[in-house]
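Novice: Structural data only, the sequence is not supplied:
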């Protein structure tokens, strides 16, 4: 059983509810829990401890994270708890505007800057790493009628894989689906998902998020991450005079 | 002219002075300033503003950074200023125990954990990316008679390049020289350099640090990194009804 | 069911039989076929069509390939058939001296050069990518009492992942377990396995090869690889006067 | 002085001459030789030894290579000589349709497959690795009014860097400027350059090719690439009984 926590800042309630009644976390949880091996819960920024207490994170195999206007409201110690849980093996799927969240910026070490435009323009997504597990079961290309434009230069470290590349009607391109590894945790960032455009109802987007959850799920630690002092060497060291 | 700031926490003064009179920053500055196109200054943790004020960093092309026991004494806002200066294009060369400094951990997004042992054992370094600019002018392998062991697993993101790989007498291996890119800044981490073993007097180590300064020196920004809103699209967008 | 073909040049029969009766392919097949979802067959260079006919390869999900002294006896058209089958999605696990085989050199595009020494020296292997599927279930380090030394510089393209790094008693290091992707095919190269030292009886080596078979197994093609002419554009192109 | 050989198959003479009198190699040589530190010569497929004899290649620091319809006319031994010269340190810049040439496919190990369309459509190129030397001095984006569409999936190994990403009017995206390393040789592939569309007169394209020549120029070998037998170990090996 894979334990999934779908987390939403849920800060633009009326506009978001018009598209996703009860918040987009409900829509994401709904399609994920169709998988019998997934156990899905949800939380929002207004929950106690922001819904991201250390004991919650330690039971979570994959955190799905959406946030936008309220990034600054996430306390530093909570952001640090998310980062440290990823280092210890929790997977994380960052969606859309989460590129400017503290956990994303702190895990990548980058500014997460990108170009953007809200013009409800057409986006076409291409698979650019077809052997990757997250690309399995998808067509080589698909379109989203209306999406917020996110364009290069996207300030991220060189990803492990660039699985999806986006084409926008207005002339921009974007690395729309990318993976990173930090500590024992696997990370996937996916660009579509503006709270008022309905991308989370798209079958291909749903398949990508489901695949990403399977790919990023928790790993078991092989080694401590607290700088172990190996005083006994594994091979003999010549005595120095 | 490349402006270089050699920064040292300088926290283990008597032991360090015995090997490097006045601190290891003096020894590093001394060999770097033999290059006529390098302008070298030094600073330490005890200087005003920790010697790392924003206006200093903005004039610096490459920061060479050594720290060990006093990582926690660097205030968060100073660590953030270093990180942000790297994003804006300042190069940085992290030496030895700087793998646990706030700037290193915040830029890589990782814990920087590694195995270690102080046994003054023999280290042999191999070039594993011979076409990289930092490897030019070096032999394919060289040895350091006494070095602190740093061993895998080294918890860092997949590097852009693994230029040097270390072999230790006691049976360990280590990715001893690695590069990363964050924002517009280039980063080099190099493992040798315990404050009491004299590595910074080694000709090969000196050549590596000189090459690293040339490789990481400041880039000019092509794009803002503050999420520019490109309201005017470069290509026409069809009107939606 | 994963269809696995274990292929051995089988060119040093008496010496190899003394360690692996009937050839090392028999020993590898024996531990792989303990997995109920694996269907394992073997072939050697002296079989008809070298045991690597196109129709055989098209039914194979993963080819495990060992060769050493007889690389030049593999005809170019057979080597090309292996390369093309990998492009179409067949996985391949290259073992030990296969680094100088035509299929390895043609798929990597490199010379495969490395340093070597037959001194039956001790090798210690470290996991350097602990989240990789091929590393799961292994200890952080293990030793092989006697192995042929393969040392850097190993002339290969930058691998997708360096999962294992080897330490040799005589002072060398090696990227001992690495992955590549070519076309739709996944590739794993693993360094231990000299035909007279018995590595394929080691439980950790067996686990690595089993994991590698699961990781590299055949992918389904999403796109043709014959330069499709997309005459109909997916988005409208403005008429040019 | 950097010795550059600009090579053109020159197979579509009348159509090519209408845009580039005397062949596109003349146009490329013309802008390159404005650099006083560049020594530029040209050759074509119809020259003796295809203009690519081993002694010519050994004096060449960077080969700029354009070919399209006559890939099959390059003899295998000449293609092998180019590949081997790259392994020994010669740089190579592959232009446009060279993605299906023998040297490109043999060095990358891939099929080089891509989607294509000749519709004289608009291409817009974005810088996606702004710290790379090949991107220096360029704007963050520029357009080519008419170019042949090359679209993903582009079957190449994961590049060292994806410096440019192309957007096409008809809805496609492409990794338009990518680097690889093979042996001691650096490789740059650049997508624009159909023989009848005039891209080599574009100032940005010229800057990119000039930068690429500087980036890929010959490296000095640090190590033999013929599998040296290191019989004398660098560190002592314990005697085995």
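Specialist: In hand now; what should we look at? This is a predicted model, so every value here is computed, not measured.
Novice: where's residue A:47 relative to chain B, distance?
Specialist: Separation of residue A:47 from chain B (Cβ to the nearest Cβ, to the nearest Å): 26 Å. For glycine as for every other residue, the C-beta is placed from the backbone atoms N, C-alpha and C.
Novice: what about the longest helix seen in chain A, distance to the chain center?
Specialist: Counting by DSSP state H, the longest helix found in chain A is helix A:203-216. In terms of Cα atoms, centre = their mean, to the nearest Å, the centre of helix A:203-216 is found 11 Å from the chain centre.
Novice: again with stretch A:227-238
Specialist: 38 Å.
Novice: ok, now stretch A:124-131?
Specialist: Here stretch A:124-131 is found 18 Å from its chain centre; the criterion is Cα atoms, centre = their mean.
Novice: pLDDT on it, on average?
Specialist: For stretch A:124-131, the mean pLDDT works out to 98.
Novice: which parts of it are buried?
Specialist: In terms of neighbour count (16 or more other Cβ atoms under 10 Å in any protein chain shown), stretch A:124-131 has its buried residues at A:124-131.
Novice: Ok, stretch A:32-41 next?
Specialist: Taking 16+ other Cβ under 10 Å as the criterion, stretch A:32-41 shows A:32, A:38, A:40-41 as buried.
Novice: I'd like these as TSV, with pLDDT, secondary structure and distance to chain C appended.
Specialist: Conversion of those to TSV gives the following (pLDDT from 0 to 100; DSSP: H, G, I helix; E, B strand; the rest coil; distance: Cβ to the nearest Cβ, whole Å):
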residue	pLDDT	secondary structure	distance to chain C
A:32	98	helix	22
A:38	98	strand	20
A:40	98	strand	23
A:41	98	strand	24
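Novice: List just the nearest of those to residue D:196.
Specialist: Closest approach to residue D:196 among the buried residues of stretch A:32-41 (Cβ to Cβ): residue A:32, at 51.2 Å.
Novice: pretty sure residue A:192 contacts residue A:204?
Specialist: No - using Cβ atoms under 8 Å as the test, residue A:192 is too far from residue A:204 to be in contact (9.5 Å).
Novice: ok, the two, which is more surrounded?
Specialist: For the pair residue A:192 and residue A:204, the greater number of neighbours falls to residue A:192 (25 against 18), based on other Cβ atoms under 10 Å in any protein chain shown.
Novice: Could you report the neighbour count for the residue nearest to residue A:215 when sequence neighbours are not counted?
Specialist: Leaving aside its sequence neighbours, residue A:215 sits nearest to residue A:133 (Cβ to Cβ, 6 or more residues apart in numbering or on different chains; 4.9 Å). When counting by other Cβ under 10 Å, one arrives at 17 neighbours for residue A:133.
Novice: contacting residues for residue A:133?
Specialist: By Cβ atoms under 8 Å, 6 or more residues apart in numbering or on different chains, the contact set of residue A:133 is A:211, A:214-215.
Novice: let's see it at 10 Å
Specialist: A:161, A:163, A:179, A:211-212, A:214-216, C:133, C:219 (Cβ atoms under 10 Å, 6 or more residues apart in numbering or on different chains).
Novice: Max pairwise distance over the residues you listed: which two?
Specialist: A:216 and C:219 (19.5 Å).
Novice: the more surrounded of these two?
Specialist: residue A:216 (27 against 22).
Novice: The more buried one and residue A:209, how far apart?
Specialist: Using Cβ to Cβ, to the nearest Å, residue A:216 is found at 10 Å from residue A:209.
Novice: residues shared between the contacts of these two?
Specialist: Joint contacts of residue A:216 and residue A:209 (Cβ under 10 Å, 6+ apart) are A:64, A:93, A:134, A:188.
Novice: Please narrow these to those residing in strands.
Specialist: In strands, judged by DSSP state E, the following of these are found: A:64, A:93, A:188.
Novice: Turn those into JSON lines, including pLDDT, distance to chain D and neighbour count.
Specialist: Shown next, in JSON lines, are these (pLDDT from 0 to 100; distance: Cβ to the nearest Cβ, whole Å; neighbours: other Cβ atoms under 10 Å in any protein chain shown):
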{"residue": "A:64", "pLDDT": "98", "distance to chain D": "26", "neighbour count": "28"}
{"residue": "A:93", "pLDDT": "98", "distance to chain D": "22", "neighbour count": "25"}
{"residue": "A:188", "pLDDT": "98", "distance to chain D": "17", "neighbour count": "27"}
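Novice: now those residues in TSV, with distance to residue A:23?
Specialist: Putting these into TSV (distance: Cβ to Cβ, whole Å) gives the following:
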residue	distance to residue A:23
A:64	13
A:93	17
A:188	21
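Novice: wait, residue A:147 sits on residue A:193?
Specialist: Yes - the pair residue A:147 / residue A:193 is scored as a contact, 8.4 Å apart, by Cβ atoms under 10 Å.
Novice: which one of the two has more residues nearby?
Specialist: residue A:147 (28 against 24).
Novice: Then the more buried one would be within a strand, right?
Specialist: Yes - read with DSSP: H, G, I helix; E, B strand; the rest coil, residue A:147 is one of the residues of a strand.
Novice: got the residues of chain A near chain D?
Specialist: Residues of chain A found near chain D (Cβ under 10 Å from any Cβ of the partner chain) are A:115, A:122, A:124-130, A:140-141, A:143, A:151-155, A:158, A:160-162, A:164-176, A:235-236, A:238.
Novice: What's the PyMOL line that selects buried ones from these?
Specialist: Listed next is the PyMOL selection for buried residues among the residues of chain A next to chain D, using 16+ other Cβ under 10 Å:
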select buried, chain A and resi 115+122+124+125+126+127+128+129+130+140+141+143+151+152+153+154+155+158+160+161+162+164+165+166+167+168+169+170+171+172+173+174+175+176+235
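Novice: Show me the residues of chain A next to chain D that map onto strands.
Specialist: Per DSSP E, strands hold the following members of the residues of chain A next to chain D: A:115, A:122, A:124-127, A:141, A:143, A:151, A:161-162, A:164-168, A:173-176.
Novice: Setting aside sequence-adjacent positions, which residue approaches residue A:52 most closely?
Specialist: Closest to residue A:52 by Cβ to Cβ, 6+ apart is residue A:78, at 5.2 Å.
Novice: Thanks again, I'm all set now.
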